[in-house]
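# Below: sequence and its predicted model.
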Amino acid sequence: MFEPSWGMYFIKFLLTFPFLHSGIGCIVDFKGTTRLIASKKIPFPSLVLIAVISLKIGGSIALILGYSTALVCLALAAFTALATILYHDFWNKEGFERKTAIFWTTTNIGLIGGLFLLAFIS
């Protein structure tokens, strides 16, 4: 819909920055992140983490460059929704931990909205 411009590349970079940053963090602390995934009783946590890293970094690069933008946006939005439910379950927390989980949940809802918007206009 839009002509590629440096401005759009920058906007897409900003939208994907949380995924790029988190994906790199997953690589840097692969063992710790694998333990976190295993703590949720998810089978094959190392393989799941490899898939997550691939989606976060590969999906971000694809989105920035404009490859399958709508599909990538929907995949990242679905991942974000699932991760939010699994890891920011504020309904199971109390006190400051609950407030922190609510903060991340609402932040992720905004990110999902941005991804849906980009999917819609692409």
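Received the coordinates, thanks. Residues are numbered from 1 along each chain as shown.
# who's in contact with the nearest residue to residue 38 once chain neighbours are set aside?
Leaving aside its sequence neighbours, residue 38 sits nearest to residue 45 (C-beta to C-beta, 6 or more residues apart in numbering; 4.2 Å). Any C-beta I mention is one placed from the backbone N, CA and C, and that applies to glycine too. Shown in contact with residue 45 (C-beta atoms under 8 Å, 6 or more residues apart in numbering): 34, 35, 37, 38.
# what do you get if the cut-off is 7 Å, keeping everything else the same?
Residues near residue 45 by C-beta atoms under 7 Å, 6 or more residues apart in numbering: 34, 37, 38.
# The first one: how many residues sit nearby?
Per other C-beta atoms under 10 Å, the neighbour tally for residue 34 reads 18.
# Likewise for the second one?
When counting by other C-beta under 10 Å, one arrives at 21 neighbours for residue 37.
# Other residues contacting the helix or strand where it lies?
Taking DSSP states H and E as the definition, residue 37 sits inside helix 30-39. With C-beta under 7 Å, 6+ apart as the test, helix 30-39 has contacts from 26, 45, 46, 48, 49.
# in it, what's buried?
Using 16 or more other C-beta atoms under 10 Å as the test for burial, helix 30-39 gives 33, 34, 37.
# Also stretch 48-58?
Buried residues in stretch 48-58, counted by 16+ other C-beta under 10 Å: 48, 49, 52, 53, 55, 56, 57.
# Just the element for the closest residue to the fifth one other than its chain neighbours, please.
Pointing back at residue 55 there. Of all residues not flanking residue 55 in the chain, residue 79 sits nearest, at 5.8 Å (C-beta to C-beta, 6+ apart). Per DSSP H and E, residue 79 falls inside helix 69-87.
# Now do the lengthiest helix in the chain: distance to the chain's middle.
Using DSSP state H, we find that the single longest helix of the chain is helix 95-121. A distance of 10 Å separates the centroid of the chain from that of helix 95-121, by C-alpha atoms, centre = their mean, to the nearest Å.
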